[in-house]
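Novice: What would the 3D arrangement of this be:
(one chain, ligands or ions: 1)
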Amino acid sequence: MSIGGSIMLYSDWTLSNNEYDPKERQARDALFSTGNGYFGIRGFFEEDNETIGANGGIYMTGVFGMGSYDAWEGKSSELCNLPNVLRVCISCNDEDIDGFSSISDFSQSLDMKKGVYARRYLWKTSDGRRLELCFERFASMHDIHRIGQRITIKALDKIDNLSVAALLDSDVTNLNLASGEPFPIQPGRNHFISRNVRTNALSVTLDDPDSTVLNFAQQTFAYLNGKAVTGRITTNSKACGTAYTCSLNKNEVFTLEKIIFAVTSLDESLNPEQEIEDFLSKPASYEQELARHCSALSDKWRVADIEIDTNTTDLTIVRYNIYQLLCVCPEHTDRFGIGARGLTGEMYEGCVFWDNEIFVLPFFLYTNPSAARKQLMFRYHTLDAARRHAKNNWFEGAMYPWQVDRKGVEQTPVNCGAFYAIHITGDIAFTICRYWELTQDDEFMLSYGAEILYETARFWVSRCDYNSFDGKYHILSVRGPNEYDVYVNDNAFTNMMAVYNLKSVNSVFKKLKDRHPDEFDKLFKRLGASHEEISKFCEVADKLNIPYNAQMDLYLEDDTYLIRRKLDLKRAKPTKKRIIDSTLPYEALPLYQVTKQADTVLLCCLFPHLFTKRQKENVYKFYEPRTAHDSSLSYSPHGILAADIGLHEEAYRYFKESAYLDVNDLQLNTINGLHFANFGGTWQIVFHGFAGISASNGKLYIKPALPTQWNRISLHCLFLKQTVKITIDKSSIAVKRLDGDTPLTVCVNNQDYLIDDKPLTIDY
Ligand code: IFM
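Specialist: You can find the predicted model right below:
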């Protein structure tokens, strides 16, 4: 497998690559990203001091600077590239080592079990003296404010003068990488309006409306053959650090270890300056930080890992997809959502989309519900922005914006479609109900979730139009997941999400009233709710038009899809480039039956128990040949649905597209950041598709569809607050409850089984 043709190696827990390819370097920087939910760190070369590497590529969750265009409530914001706190300047006999000139024996690898990214190469001076350089780094999962970096330099020949400066460097701009281009077309923005540079500590103030302050400090330790070496302090107006010089005899080794600490004004810290002083006053140890980090990460893997018995590379790539999800999740806060490209690139300005609820969160719902809750709380904290957005568009209730920064404000440029892309409101409501169904977290529903459901239901009522001629409600001028429709009337996906949202108020309220009558009364009053309004929600839901062709038993993407022209996809998309980047202009697309990305197919995945098998087959057979997959959000729903309807080879083919998407740079824009919806989607193909696990009405359904290439999968999930281990081979399912004491119902082939303390094996 390859990114732009260079070979990736897969071994159990490690993804690696042994070739240096200048053209692919920035895409690989994204591919070899690490993180801990607080930091995201691209796999950039920390010793590069001239090209793009000097800017680094480190991001922090929720840290946005001022953007470059007008958004809905003023200037846009963009994810801010942080000071390059891993920056190192290395020279040998006065020649700079930059990581790419005069190198050989290059390798880079990501050890996903340890959460460590490593790079190694040999370098030669102009008079032929050789050094071996090894770099490793991790973002601590134990103390999320810390990053560890170790550089080992071995002299393969005698070296008179090695100089290594470990820096915190604020002389950076955003990377501003363009898809398909190896370098930025023009420099990105520098977001720091002021700097305070001290001894091994640096603070910057951002150009965002809150003047966010970021504080960094570092401790460095250097050794020559294991013996401590003293450094000298170095500072200029933008950077600070410690520099070391030494000479090395053949086979001698210089080691630099560094621990970085960061705290910002967005953290809950009362006294960031004091925290910096405290960090600087207590010597840290690289080995100890690394051990703590590995142990915290292994706790996460205990539930998150999926073991696959196969002789393909699939085990490693599934782990890669999961690893990136673990790295991006901000478990420390409920104030920031997960952006479409996480913390690995600047595409979409770091914004959060529906990608989070529909693609990413299912992984957390089933493996770490408290992390999922925090993501939903982010939506609660931004409910007021959604209320404003509804009002600004002349609607009622809460209309969640299409793409948002940390404040939940619409970041889509004005007049670029945010008005139409409203299914996100239903997607959020849907995921709130899924969370509640899987966890029975009544406290969340009473205090937060129900309010979102009610306010979003109000929005749908104000967004629907009644047609007295057919006696139905309609949603006009809307854009579904298929963004090539430009805008349509009655997108089935949007309408069904709206129906679900509207109906959920009634069903959720009934249960809450039953279980918590007093708290429910307070909630009812707080929302200004009324029985008449809830009846209206139900009436609109019952009469909302869902386009469907009875003759074909086919759900239609929208009200005109069937009468549009057929599109010759081979002609429209002759290469991997998207249709709109190769042949037809955007405006032409509503003429054709063309689906940019899974739309009705996705609907069948979200409601697997609602459609008949025949209807799902019809949807798959009709839309699949008409789908361009011009979005990374397309492959996984096709894989899930194909598995559900027994198209095993197709399901496996889509799994491959999805799981290896960034490694193969399938969307030609991995350079701009990894595709997190797709990572969640890959997990979903394995979990919902191949393992066939779903939950409905308090039962766990298991309907395996293992690919022929796999012999067995074994995974954990949380259901109703209990951890369950499920192992599936070619003919049987073993289920074991690992904690809790409530019997769980598992349904296989229409038969219910009660799982208590004893493990159970069911043939299928
Ligand atoms: O949310 C998606 C959208 O569905 C397709 N274009 C990219 C967005 C961000 O990933």
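Novice: Identify the bridge partners of the spatially closest residue to Asp314 that is not a sequence neighbour.
Specialist: Leaving out its chain neighbours, the residue that sits closest to Asp314 by Cβ to Cβ, 6 or more residues apart in numbering is Ile308, at 5.8 Å. No exception for glycine: its C-beta is placed from N, CA and C like everyone else's. Counting by DSSP bridges, Ile308 forms beta bridges with Ile713.
Novice: Please apply the same query to Ser696.
Specialist: Where Ser696 sits in a bridge, its partners, by DSSP bridges, are Lys699.
Novice: and it, how many residues sit next to it?
Specialist: Ser696: 13 surrounding residues under other Cβ atoms under 10 Å.
Novice: wait, the residue nearest to Asp314 sits on Arg712?
Specialist: Yes: using Cβ atoms under 8 Å, Ile308 makes contact with Arg712 at a distance of 7.4 Å.
Novice: just to revisit the earlier point, what separation do you get for the residue nearest to Asp314 and the ligand?
Specialist: Applying Cβ to the nearest ligand atom, to the nearest Å, the value for Ile308 to the ligand is 27 Å.
Novice: Who are the contact partners of that residue?
Specialist: 314-315, 318, 686, 710, 712-713 (Cβ atoms under 8 Å, 6 or more residues apart in numbering).
Novice: repeat for Ile640
Specialist: Residues in contact with Ile640 (Cβ under 8 Å, 6+ apart) are 605, 651, 684-685, 688-689.
Novice: Buried ones from the contacts of Ile308, can you make that a ChimeraX selection?
Specialist: The buried residues among the contacts of Ile308 can be selected in ChimeraX (16 or more other Cβ atoms under 10 Å) with this line:
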select :314,315,318,686,710,713
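Novice: Tabulate the contacts of Ile308 (TSV), appending secondary structure and distance to the ligand.
Specialist: Listed next are the contacts of Ile308 as TSV, based on DSSP: H, G, I helix; E, B strand; the rest coil; distance: Cβ to the nearest ligand atom, whole Å:
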residue	secondary structure	distance to the ligand
Asp314	helix	24
Leu315	helix	27
Val318	helix	21
Val686	helix	21
Trp710	strand	29
Arg712	strand	33
Ile713	strand	28
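Novice: can you tell me which two in the contacts of Ile308 are farthest apart?
Specialist: Spanning the widest gap among those are Val318 and Arg712, at 13.4 Å by Cβ to Cβ.
Novice: if we can go back for a sec, narrow the contacts of Ile640 to just the buried residues.
Specialist: Buried members of the contacts of Ile640, counted by 16+ other Cβ under 10 Å: 605, 651, 684-685, 688-689.
Novice: And the contacts of Ile640, which is closest to Ala371?
Specialist: Nearest to Ala371 out of those is Gln684 (Cβ to Cβ; 16.2 Å).
Novice: Remind me what the helix or strand hosting that closest one packs against, helices and strands.
Specialist: Element membership of Gln684 [criterion: DSSP states H and E] is helix 676-684. With contacts taken as 3 or more Cβ pairs under 8 Å, 6 or more residues apart in numbering; DSSP states H and E, helix 676-684 sits against helix 314-328, helix 361-367, helix 635-644, helix 648-659.
Novice: Identify the residues contacting the very next helix or strand once past the second one?
Specialist: Going down the chain from helix 361-367, the next helix or strand is helix 369-381, by DSSP H and E. Helix 369-381 is contacted by residues 329-331, 333-338, 352, 356-357, 360-361, 364-365, 386, 400, 408, 428, 431-432, 435, 438-439, 441, 444, 448-449, 451-452, 718, 721 when judged by Cβ under 8 Å, 6+ apart.
Novice: Show only the entries of those residues found in helices.
Specialist: Counting by DSSP state H, these place 361, 364-365, 386, 428, 431-432, 435, 438-439, 444, 451-452 in helices.
Novice: How much space separates the residue nearest to Asp314 from Ile640?
Specialist: Look at Ile308 and Ile640: by Cβ to Cβ, to the nearest Å, they are 17 Å apart.
Novice: ok, now Phe509?
Specialist: From Phe509 across to Ile640, the span is 31 Å (Cβ to Cβ).
Novice: And Ser632, by the same measure?
Specialist: Counting by Cβ to Cβ, the gap from Ser632 to Ile640 is 15 Å.
Novice: so can I have JSON lines of the ones in helices among the contacts of helix 369-381 showing neighbour count?
Specialist: Formatted as JSON lines, the ones in helices among the contacts of helix 369-381 follow (neighbours: other Cβ atoms under 10 Å):
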{"residue": "Leu361", "neighbour count": "26"}
{"residue": "Phe364", "neighbour count": "27"}
{"residue": "Leu365", "neighbour count": "25"}
{"residue": "Ala386", "neighbour count": "27"}
{"residue": "Ile428", "neighbour count": "27"}
{"residue": "Thr431", "neighbour count": "24"}
{"residue": "Ile432", "neighbour count": "27"}
{"residue": "Tyr435", "neighbour count": "23"}
{"residue": "Leu438", "neighbour count": "21"}
{"residue": "Thr439", "neighbour count": "19"}
{"residue": "Phe444", "neighbour count": "19"}
{"residue": "Glu451", "neighbour count": "19"}
{"residue": "Ile452", "neighbour count": "23"}
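Novice: when you check the ligand, which of those turn up near it?
Specialist: Applying Cβ under 6 Å from any ligand atom to those, one finds that nothing falls near the ligand.
Novice: check contacts around the most centrally placed residue in the chain.
Specialist: Residue closest to the average C-alpha location in the chain (Cα atoms, centre = their mean): Phe676, at 3.1 Å. The contact partners of Phe676, by Cβ under 8 Å, 6+ apart, come to 324-325, 328, 338-342, 355-356, 359-360.
Novice: Recalculate using a threshold of 10 Å.
Specialist: Shown in contact with Phe676 (Cβ atoms under 10 Å, 6 or more residues apart in numbering): 321, 324-325, 327-329, 338-344, 353, 355-356, 359-360, 632.
Novice: Separate out the buried members of these.
Specialist: Buried among the contacts of Phe676 by 16+ other Cβ under 10 Å: 321, 324-325, 327-329, 338-344, 353, 355-356, 359-360, 632.
Novice: neighbours around the spatially closest residue to Gln440 that is not a sequence neighbour, how many?
Specialist: Counting by Cβ to Cβ, 6+ apart, Leu720 is the residue found nearest to Gln440 once chain neighbours are left out, at 6.1 Å. Neighbour count of Leu720, defined by other Cβ under 10 Å: 16.
Novice: Help me confirm that Leu720 comes into contact with Asp741.
Specialist: No: Leu720 is beyond contact range of Asp741, at 11.5 Å (criterion: Cβ atoms under 10 Å).
Novice: Kindly report the residues of the stretch 651-764 of the chain close to the ligand.
Specialist: Counting by Cβ under 6 Å from any ligand atom, the residues of the stretch 651-764 of the chain lying close to the ligand are Ala677.
Novice: Which parts of the stretch 651-764 of the chain are strands?
Specialist: If DSSP state E, counting those that start in this stretch is used as the criterion, the strands of the stretch 651-764 of the chain fall at 693-696, 699-702, 710-719, 722-729, 732-737, 744-748, 751-755, 760-763.
Novice: What are the buried residues along the third one?
Specialist: I take that to be strand 710-719. For strand 710-719, by 16+ other Cβ under 10 Å, it's 710, 713-719.
Novice: Would you mind getting the angle between that strand and strand 732-737?
Specialist: If you take axes from the mean of the first three to the mean of the last three Cα atoms, to 10 degrees, strand 710-719 sits at 30 degrees to strand 732-737.
Novice: Fine, thanks again, bye for now.
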